[in-house]
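Visitor: Just the structure for this:
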Amino acid sequence: MTDISTGRGTAPTSGFRREVGPIPLMFISLGSIIGSGWLLGALTAASAAGGASVLSWLLAGAVMVLLALVHAELAAAYPFAGGTARYPKLAFGTLAGFAAGWVGWLQAATLAPIEVEAALSYLDHIWPGLVNTDGALTGRGLGIGIALIAVFTIVNILGVQWLAESNQVTMVWKTAVPVLTVIVLLAVSFHAGNFTAGGGFAPFGAHGVFAALPLGVIFALQGFEQAVQLGSESRNPQRDLPRAVIGAVLIGTVIYIGLEIAFIGALNPANLLHGWSAPVGKGDFGPYATLATTLGLGWLAAILYIDAFVSPAGTGLVYEGTSARLAYALGHSGQVPRSVAKISKRGVPWVALLLAFVVGIVCFLPFPSWQGFVSLVTSAVVMMYGFAPVTLMALRRSDPDRVRPYRLKGASVISPLAFIAASEIIYWTSWPTVEKLLILIAVGLVIFGLYQLFGNRTRRQPLDARAMLWVLPWFIGLGVISYLGQYGGIGVIPPWVDLIVVAVFALAVFYVGVRLALPPERVAEELMIEEIDAATQPATI
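Guide: Alright, predicted model coming up:
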C-alpha cells in the first residue's frame with residue numbers, strides 16, 4: 001500500500017469491504033431522506049407558505065434532483081469513501097478540500113443527535129419527562145439520548161453489512177407508514193378548499209414559498225449523498241451509485257408531495273379561518289397523529305407515534321456511520337490527524353465512529369431542540385452540496401480522460417444551475433443562520449491552521465491556497481448579501497432583486513472556481529494516491 005502522506009510503500013492494512021449492493025445503497029440514501037423531517041416538514045411548510053407549500057416541495061425536489069445528478073457522475077467516476085469530502089480536494093487541493101469536508105462533517109455529525117432529540121420529543125407525549133417545556137432534554141432524556149447514540153455507534157462498529165441490513169429492516173417500515181398516511185388521510189378527509197384558505201393559495205406570496213425551504217423542506221429531502229459516502233464499500237459503484245442517489249431523491253420527493261397534499265386536505269377548515277399560524281394546534285410535535293386522532297383514526301395515531309421514534313432513530317443510525325466516513329476522509333487525506341482514519345478488521349473507521357459518538361453527546365447541550373437547529377443544518381448541507389457542481393466541471397477540465405461510467409448530459413448547464421440553486425437556498429435560510437454557519441466555518445479553518453502549524457510535519461501537503469480565491473468570496477459574499485437582503489437581513493436589497501443578485505454572484509463564483517482548478521498533473525497525483533489505496537483495500541478481505 002502507498003502511504004497517502006508520503007507516496008512511499010507501506011504494508012497493507014485492513015480496508016473497506018465491498019459488500020453493499022444497489023438496493024441497500026438506495027435504501028441508505030432513502031433512509032436518510034425519510035427521517036424526522038416527514039413528521040414535521042408538512043406543518044412547518046404550510047405555516048410558512050399556506051397551500052403554496054406544495055410548490056416548495058416541488059422546487060426542493062427539482063433542486064435536489066439537479067444536485068443528485070451532479071453527485072451521480074462524481075460518485076461513479078470517483079467511488080471513494082466519504083466522497084463529498086474528497087471530491088473538492090481532488091479538484092482544488094488541501095485547503096479547499098478541508099473547507100468542504102468540514103462543512104459536510106458538521107452537518108453529518110450533528111444530525112444523529114438531532115434525530116434522537118426529535119424522537120425523544122415525540123415520545124414525551126407518551127412518557128412525559130423526557131423534554132422540558134422548551135423542548136430541551138431533561139436529565140432522563142439526556143441519559144436515554146446518550147444510550148441511543150451508543151447503540152448507533154455499536155451497530156456501525158459491527159460493520160457496514162450490519163448497517164445496510166439493519167437499515168433495510170427499518171426502511172420497510174419507514175416507507176410504508178408515510179404512504180399509508182397519505183392514502184388514509186386522502187380517503188377519510190379531504191377539503192380542497194383548504195388550499196386557498198387563510199388568505200388564498202399563496203397567502204405569503206413567493207417569499208413564503210422560498211422561506212419554507214429551510215424550515216424543514218430541504219432538511220427533509222437532504223440525505224441522498226449517503227450512498228456516495230459508502231462509495232468504497234459498494235459492490236459495483238459505477239453502476240449502482242447513480243441509480244441509488246437519483247432513485248432515492250425521486251421516491252422521496254413523490255412521498256413528501258403526497259404527504260403535504262394529504263396534510264393540507266385533512267385539516268379542519270375552521271383552524272384556517274385566521275391564517276396558517278397554528279393549523280393543527282399549538283406546541284404539537286406530531287401533527288399527523290393529531291389529525292388522525294381528530295378524525296377518529298386511533299389505530300393510525302398509534303402507528304404514527306411508533307414511527308415518530310423509528311424514523312428518526314433509523315436516520316440517526318445512518319448518519320452516525322456516514323459522519324464517521326467523512327471524518328475518515330479528512331484523516332485519510334492528511335487534513336486532520338491520521339489516527340482518525342484507522343480502519344478495524346471489520347472494515348469500519350472505528351476511531352472516527354468514537355469521535356462521532358463524543359460529538360453527538362456534546363451536541364445535546366448547546367442545541368436544545370429539533371426546530372431550533374434545522375435551518376443551520378440545512379444551510380450546512382446545501383453548502384456541502386454546492387461544492388459538487390463546481391468540482392464536477394473542474395475535474396472534467398483537469399481530468400478529461402477519466403472513465404465516467406455515468407456522464408451527466410448537459411452538465412455545462414445543469415452544474416451552474418445547481419450551484420445557483422444551492423446559493424439561493426443558503427440565502428433563504430436567513431441572515432442569523434448564515435451568520436452562525438460562517439462562524440463555525442471560521443472555527444474549522446482555525447483548527448486546520450493549528451494542525452498545519454503544530455501537527456505532524458512529515459504529513460504536510462501543499463495548501464493550494466489559490467483555490468480559496470473562489471471559496472472564501474463565496475462564503476463571505478453570501479454572508480454580505482444575506483445581511484443586506486430580505487430574509488432576516490436589514491432589507492436594503494429589494495425583493496426579487498435580491499434573488500437576481502444571488503444568482504449573478506453565484507454564476508460569477510462558479511466560473512471563477514472552475515478556472516481555479518488544480519492543473520492536470522496535480523489532480524493525477526492526488527488520484528494516484530487515492531486509487532492505489534482503494535485498490536489495495538480488498539486484499540485484506
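Visitor: roughly how far apart are Phe364 and Ser375?
Guide: Distance of Phe364 to Ser375, computed by C-beta to C-beta, to the nearest Å: 19 Å. Every residue, glycine included, has its C-beta placed from N, CA and C.
Visitor: wait, Val497
Guide: Plainly put, Val497 is 23 Å away from Ser375 if you go by C-beta to C-beta.
Visitor: ok, the two, which is more surrounded?
Guide: Remark: of Val497 and Ser375, Ser375 carries more neighbours, 24 against 11, as counted by other C-beta atoms under 10 Å.
Visitor: Please tell me the pLDDT value assigned to that one.
Guide: Ser375 carries a pLDDT value of 82.
Visitor: Could you do Met528 as well?
Guide: Looking at Met528, its pLDDT is 80.
Visitor: Tyr305 too?
Guide: Taking Tyr305 on its own, its pLDDT is 85.
Visitor: mind checking the SS state of it?
Guide: Secondary structure, DSSP: H, G, I helix; E, B strand; the rest coil: Tyr305 is helix.
Visitor: okay but it is in contact with Tyr122, surely?
Guide: Yes: the pair formed by Tyr305 and Tyr122 meets the contact definition of C-beta atoms under 8 Å, at 6.6 Å.
Visitor: Please identify which of those two sits among more neighbours.
Guide: Set Tyr305 next to Tyr122 and count neighbours by other C-beta under 10 Å: Tyr122 wins out with 25 against 20.
Visitor: Nearest residue to that one in space, please, no chain neighbours.
Guide: Leaving aside its sequence neighbours, Tyr122 sits nearest to Ala308 (C-beta to C-beta, 6 or more residues apart in numbering; 3.5 Å).
Visitor: Distance check, the one you found against Glu117.
Guide: Separation of Ala308 from Glu117 (C-beta to C-beta) stands at 12 Å.
Visitor: Comparing the two, which shows the higher neighbour count?
Guide: Glu117 (29 against 26).
Visitor: got any ranges where the stretch 151-300 of the chain has weak pLDDT?
Guide: Within the stretch 151-300 of the chain, the segments meeting pLDDT under 70 span 159-170, 228-234, 238, 281-286.
Visitor: Run through the strands of it in chain order.
Guide: Applying DSSP state E, counting those that start in this stretch to the stretch 151-300 of the chain gives no strands.
Visitor: OK, contacts around Ala341?
Guide: Counting by C-beta atoms under 8 Å, 6 or more residues apart in numbering, Ala341 touches 328-332, 349, 351-352.
Visitor: same check, this time on Gly491
Guide: 484-485.
Visitor: Per-residue confidence at it, what does it come out as?
Guide: 95.
Visitor: Likewise for Pro519?
Guide: pLDDT at Pro519 comes out at 93.
Visitor: and the gap between the nearest residue to it once chain neighbours are set aside and Val523?
Guide: Leaving aside its sequence neighbours, Pro519 sits nearest to Ser398 (C-beta to C-beta, 6+ apart; 6.6 Å). Here Ser398 is placed at a distance of 4 Å from Val523 (C-beta to C-beta).
Visitor: shared neighbours, those two?
Guide: 91, 517.
Visitor: Can you show me the helices along the stretch 401-541 of the chain?
Guide: For the stretch 401-541 of the chain, the helices defined by DSSP state H, counting those that start in this stretch cover 411-428, 431-454, 468-484, 497-515, 520-536.
Visitor: what packs against the longest one?
Guide: Packing partners of helix 431-454 (3 or more C-beta pairs under 8 Å, 6 or more residues apart in numbering; DSSP states H and E): helix 94-123, helix 374-398, helix 411-428, helix 468-484.
Visitor: pretty sure Ala75 is touching Pro237, no?
Guide: Yes: between Ala75 and Pro237 there is a contact under C-beta under 8 Å: 6.8 Å.
Visitor: neighbour-wise, which of the two wins?
Guide: More neighbours surround Ala75 than the other of Ala75 and Pro237, with 32 against 27 (other C-beta under 10 Å).
Visitor: which non-adjacent residue is nearest that one?
Guide: Ala75's closest residue in space is Leu241 (C-beta to C-beta, 6+ apart), at 3.9 Å.
Visitor: And Ile476, by the same measure?
Guide: Leu438 (7.8 Å).
Visitor: can you check Leu186 too?
Guide: Leu186 sits nearest to Ala262 (C-beta to C-beta, 6+ apart), 5.2 Å away.
Visitor: Would you check how far apart the residue nearest to Ala220 when sequence neighbours are not counted and Thr110 are?
Guide: Closest residue to Ala220 apart from its sequence neighbours, by C-beta to C-beta, 6+ apart: Gly37 at 2.9 Å. Distance of Gly37 to Thr110, computed by C-beta to C-beta: 14 Å.
Visitor: more crowded one of the two?
Guide: More neighbours surround Gly37 than the other of Gly37 and Thr110, with 28 against 22 (other C-beta under 10 Å).
Visitor: Show the contacting residues for the more buried one.
Guide: 216, 219-221.
Visitor: So Ile33 is in contact with Gln222, correct?
Guide: Yes: in this structure, Ile33 is within contact of Gln222 by C-beta under 8 Å, at 7.3 Å.
Visitor: Count the residues that sit near the residue nearest to Ala75.
Guide: By the criterion of other C-beta under 10 Å, Leu241 has 30 neighbours.
Visitor: ok, now Ser277?
Guide: 10.
Visitor: is it true that it touches Ala48?
Guide: No: counting by C-beta under 8 Å, Ser277 does not reach Ala48; the two are 10.3 Å apart.
Visitor: So for Arg140, which of the helices of the stretch 401-541 of the chain sits nearest?
Guide: helix 431-454 (29.0 Å; C-beta to C-beta).
Visitor: Give the buried residues for the closest one.
Guide: Using 16 or more other C-beta atoms under 10 Å as the test for burial, helix 431-454 gives 431, 433-434, 436-438, 441, 444-445, 448, 451-452.
Visitor: Could you do stretch 507-525 as well?
Guide: 509-510, 513-514, 516-518, 522-524.
Visitor: Start and end of that stretch, how far apart?
Guide: Length of stretch 507-525, first residue to last, C-alpha to C-alpha, to the nearest Å: 29 Å.
Visitor: That concludes my questions; thank you for your assistance.
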